[in-house]
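Colleague: Based on what follows, work out the 3D shape:
(one chain, ligands or ions: 2)
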Amino acid sequence: MAAFPDVPKIPFEGPDSKNPLAFRFYDENELVEGKPMKDHLRFSVAYWHTMRGTGADPFGPGTMVRPWEGAEDTVDNAINRVRVAFEFMEKLGTDFFCFHDRDVAPEADTLAKTNKNLDAVVKVIKEESDRTGIKLLWGTANLFSNPRYMHGAATSPNADAFAHAAAQVKKALEVTKELGGQGYTFWGGREGYMNLWNTDMRRELDHLGAFMHMAVDHAKQIGFTGQFYFEPKPKEPTKHQYDFDAAACINFLRAYGLEDHVKLNIETNHATLAGHTVEHELEYAGHQGFLGSVDANTGDLLLGWDTDQFPTDVYMTTKIMLAFLKYGGLAPGGVNFDAKVRRESFEPVDLFYAHVGGMDTFAKGLKIAAAIRADGELGQMLADRYSSWDTGIGAEIEAGKHGFASLEKYMLEKGDATPNTSGRQELFENVVNRYVL
Ligand code: XUL
Ligand code: CO
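Modeller: Numbers count the residues shown, from 1 in each chain. Ligands and ions are numbered 1, 2, ... in the order given. Next up is the predicted model:
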């Protein structure tokens, strides 16, 4: 029986449509910069929110109405949920999904039984993936919910927690490979600290480095060739997470010799928690060669936590797509909606409204980004701002022909610097508006 009997396959109806279950901008085969939109965007559904989100918050229990859910957390229920997930994704028209090991199958009282549960569900995920062509963008392991990980996983002071995490990631990697997953993400849920008095930071980071090398080695052993990602987040649930932001992650990866194996999965709401914007994080990761994938959502600037709302701000999606076009596209990453419907939006159809809105906002952002690039005016204005580096002393400095003594000589002869030109910030913003409005 269909879980969403009243929802048809979401059609593309064009910008004038008022149908809330239709796309206005996302026409999956429309070519942008010579490539179909769906290959630019590589949309992915996050299983943990869309299939497992209950709407619970620290002040009250779940609110979601999900008629397909059985009363108990059994393998049968999990298998049924997989079928619902694929019906949802087929109707929505997304090519990818992401999951944590513990989202798809119930955890039992021993690792062996838990792995058996996972195998039973993964078998059905594989069937559904083969039937529909919807693929795993990346897999990951939940190393933060079970109380054994209360102090962290790879950075836990308890060596047994580290060992359990290793076993869990080994299995999650194998399952990801089995499903043809194109990547594997590490979000260090509790890899950080609440208090430095009881924390040996150096030892914890060394352990995390060792853990990551074990993951790289195991991937090699089993022939998993997908991309590894680190997902920066500064805090929540810990007060300070080691993978704070793009810069901290890149430093860690270089310090521990992992720079050739791991890229970054940048999430909007995590960027803002770190006091950055998503475009800052994408640009930082991009020019350093670490841009991998994006967890698409948005926060609420009036709330200081990770609200994981669906993105509806076209300026933001424009900036995200500009970064990806600049740095060679998203593949093998994608736009993964790590976003959840609000607790008040409890009906199944709200899952469609949320994703349709997010996908359309990204499609529009992609089109605006491509128009900005095709026109070239903004790019030219940016290049002009740095034109003093293109010839003369600037070009000589960039070519490494100067030191302090020769620059002092140059300036003593010249007397003073050539006056600055205007930064034209407002004009830049107005030109962007020409494409957006
Ligand atoms: C948590 C978060 C995770 C990761 C995957 O804030 O974003 O769901 O995306 O572990
Ligand atoms: Co995320």
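
Colleague: Strands of the stretch 151-300 of the chain, residue ranges please.
Modeller: Counting by DSSP state E, counting those that start in this stretch, the stretch 151-300 of the chain has strands at residues 183-186, 192-193, 227-230, 240-241, 262-267, 291-295.

Colleague: want to try CSV for these, with mean neighbour count and distance to ligand 2 as columns?
Modeller: All C-beta spots, glycine's among them, are computed from the backbone N, C-alpha and C. Putting these into CSV (neighbours: other C-beta atoms under 10 Å; distance: least, C-beta to the ion, whole Å) gives the following:
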stretch, mean neighbour count, distance to ligand 2
strand 183-186, 24, 8
strand 192-193, 22, 16
strand 227-230, 23, 10
strand 240-241, 20, 12
strand 262-267, 28, 4
strand 291-295, 27, 4
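
Colleague: can those strands go into a markdown table with extra columns for mean pLDDT?
Modeller: Output for the strands of the stretch 151-300 of the chain, formatted as a markdown table (pLDDT from 0 to 100):
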| stretch | mean pLDDT |
| --- | --- |
| strand 183-186 | 98 |
| strand 192-193 | 98 |
| strand 227-230 | 98 |
| strand 240-241 | 97 |
| strand 262-267 | 98 |
| strand 291-295 | 98 |
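
Colleague: JSON lines for those, including distance to ligand 1?
Modeller: Formatted as JSON lines, the strands of the stretch 151-300 of the chain follow (distance: least, C-beta to the nearest ligand atom, whole Å):
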{"stretch": "strand 183-186", "distance to ligand 1": "6"}
{"stretch": "strand 192-193", "distance to ligand 1": "12"}
{"stretch": "strand 227-230", "distance to ligand 1": "9"}
{"stretch": "strand 240-241", "distance to ligand 1": "10"}
{"stretch": "strand 262-267", "distance to ligand 1": "5"}
{"stretch": "strand 291-295", "distance to ligand 1": "5"}
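
Colleague: Redo those as JSON lines? Include distance to L325.
Modeller: Shown next, in JSON lines, are the strands of the stretch 151-300 of the chain (distance: least, C-beta to C-beta, whole Å):
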{"stretch": "strand 183-186", "distance to L325": "20"}
{"stretch": "strand 192-193", "distance to L325": "33"}
{"stretch": "strand 227-230", "distance to L325": "19"}
{"stretch": "strand 240-241", "distance to L325": "30"}
{"stretch": "strand 262-267", "distance to L325": "15"}
{"stretch": "strand 291-295", "distance to L325": "11"}
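
Colleague: you'd agree T318 is up against G365?
Modeller: Yes - judged on C-beta atoms under 8 Å, T318 makes contact with G365 at a distance of 4.3 Å.

Colleague: what ranges do the helices span in the stretch 101-250 of the chain?
Modeller: 101-104, 111-132, 159-178, 201-222, 246-255 (DSSP state H, counting those that start in this stretch).

Colleague: Out of those, which is closest to ligand 2?
Modeller: helix 101-104 (12.6 Å; C-beta to the ion).

Colleague: A405 is nearest to which of the helices of the stretch 101-250 of the chain?
Modeller: In this view, the helices of the stretch 101-250 of the chain are compared for proximity to A405 by C-beta to C-beta, and helix 246-255 is the closest at 32.2 Å.

Colleague: Spatially central residue in this protein, please.
Modeller: Centroid-nearest residue in the chain, with C-alpha atoms, centre = their mean: D295, separated by 2.3 Å.

Colleague: Please list all residues in contact with that residue.
Modeller: 46, 231, 265-268, 270, 336, 338 (C-beta atoms under 8 Å, 6 or more residues apart in numbering).

Colleague: Most proximal residue of the protein with respect to ligand 1?
Modeller: W187 (3.5 Å; C-beta to the nearest ligand atom).

Colleague: Can you give me the neighbour number for that residue?
Modeller: For W187, the count of nearby residues is 23 (other C-beta atoms under 10 Å).

Colleague: Around ligand 2, pick out the residues from the stretch 51-200 of the chain.
Modeller: Contact residues of the stretch 51-200 of the chain with respect to ligand 2, defined by C-beta under 5 Å from the ion, are absent.

Colleague: Contact residues of the stretch 51-200 of the chain facing ligand 1?
Modeller: Residues of the stretch 51-200 of the chain lying near ligand 1 by C-beta under 6 Å from any ligand atom: 100, 140, 185, 187.

Colleague: tell me which of these is nearest to F352?
Modeller: H100 (22.8 Å).

Colleague: Give me the three-state assignment for the residue lying closest to Q182 once chain neighbours are set aside.
Modeller: Nearest residue to Q182, sequence neighbours excluded (C-beta to C-beta, 6 or more residues apart in numbering): P332, at 4.4 Å. Following DSSP: H, G, I helix; E, B strand; the rest coil, the label given to P332 is coil.

Colleague: Surely P332 and T225 touch.
Modeller: No - judged on C-beta under 8 Å, P332 makes no contact with T225 at a distance of 9.7 Å.

Colleague: Which residue of the two possesses the greater neighbour count?
Modeller: Remark: of P332 and T225, P332 carries more neighbours, 18 against 10, as counted by other C-beta under 10 Å.

Colleague: Can you give me the domain boundaries for the chain?
Modeller: As assigned by automatic domain parsing, the chain contains the domains 31-375, 378-436.

Colleague: okay, these, which one's buried deepest?
Modeller: domain 31-375 (a mean of 19; mean count of other C-beta atoms under 10 Å).

Colleague: Name whatever forms a beta bridge with Y229.
Modeller: T185, K263 (DSSP bridges).

Colleague: List the contacts of it.
Modeller: 138, 183-186, 262-265, 292-293, 333.

Colleague: one step back: spatially nearest residue to the residue of the chain closest to ligand 1, not counting backbone neighbours?
Modeller: E231 (4.0 Å).

Colleague: My guess is that neighbour contacts Y184. True?
Modeller: No - if you go by C-beta under 8 Å, E231 and Y184 don't touch, sitting 11.1 Å apart.

Colleague: Out of the contacts of D295, which two sit at the greatest distance?
Modeller: A46 and I266 (14.8 Å).

Colleague: hang on, the earlier thing: read off the pLDDT value for the residue of the chain closest to ligand 1.
Modeller: For W187, the model assigns a pLDDT of 98.
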